[in-house]
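S.K.: Coordinates for the following, if possible.
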Amino acid sequence: PRIEFHGKAGEIIPATVIPYCQNIEPLHLQTTALEHGDADHKIVEGYTHILYDKGPTTVGTSSRFTGSAATPLFNLPRTVSFHVLEGVFFLTNAHDGTAQRCVAGDTIVLPKGWTGQRDVVQPVRELWVTVQE
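M.R.: Okay, here's the model as predicted:
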């Protein structure tokens, strides 16, 4: 569903409302595989579904499997924030080796240029937002 608002100059600004059950259940998340590794050893670690992609902003949902061992995140090209809906994982900062346990209800912001890894302990579902700077 779309809701329209009128901006300061009278232009119509659409808002999008996406029901949770329609876009976070596994059957809706299998649009893009999240994988890493080389051509001979690809590892599928979960799935993602883009809900909104306009201008500098992209919003989506993802699921990640238990045992998605040490998913590397190298020099992120943009700021990424996500809200954990379900699951448990550890996020480790490559710079100093510190790790943080992340659980359902946590919100994480990884700034542009951040490097580290994610280790999934229990299957994770998340809502994420990226903003091109």
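S.K.: From here on, just use CA atoms for contacts and neighbour counts.
M.R.: OK.
S.K.: where do the helices sit along this structure?
M.R.: Listed in chain order, the helices of the chain (DSSP state H) span 20-23, 26-29.
S.K.: weakest of those helices in terms of mean pLDDT?
M.R.: The weakest mean pLDDT among the helices of the chain belongs to helix 26-29, with a mean of 54.
S.K.: right, and residue 81 touches residue 114 too?
M.R.: No - Residue 81 is beyond contact range of residue 114, at 11.9 Å (criterion: Cα atoms under 8 Å).
S.K.: can you list the weak-confidence ranges in the chain?
M.R.: 1-7, 13, 19-44, 67-72 (pLDDT under 70).
S.K.: can we see that at 90?
M.R.: Low-confidence segments of the chain, defined by pLDDT under 90: 1-57, 60-78, 94-95, 113-120, 123, 125, 131-133.
S.K.: can you give me the strands in it?
M.R.: For the chain, strands defined by DSSP state E occupy the ranges 2-6, 12-16, 32-36, 43-54, 57-64, 71-73, 79-93, 99-103, 107-110, 116-131.
S.K.: Turn those strands into CSV, including mean neighbour count.
M.R.: CSV is the format used below for the strands of the chain (neighbours: other Cα atoms under 10 Å):
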stretch, mean neighbour count
strand 2-6, 10
strand 12-16, 11
strand 32-36, 15
strand 43-54, 17
strand 57-64, 20
strand 71-73, 17
strand 79-93, 19
strand 99-103, 16
strand 107-110, 15
strand 116-131, 20
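S.K.: does the residue nearest to residue 107 when sequence neighbours are not counted have beta-bridge partners, and which?
M.R.: Closest residue to residue 107 in three dimensions, ignoring its sequence neighbours and counting by Cα to Cα, 6 or more residues apart in numbering: residue 83, at 4.3 Å. Beta-bridge partners for residue 83, by DSSP bridges, are residue 107, residue 127.
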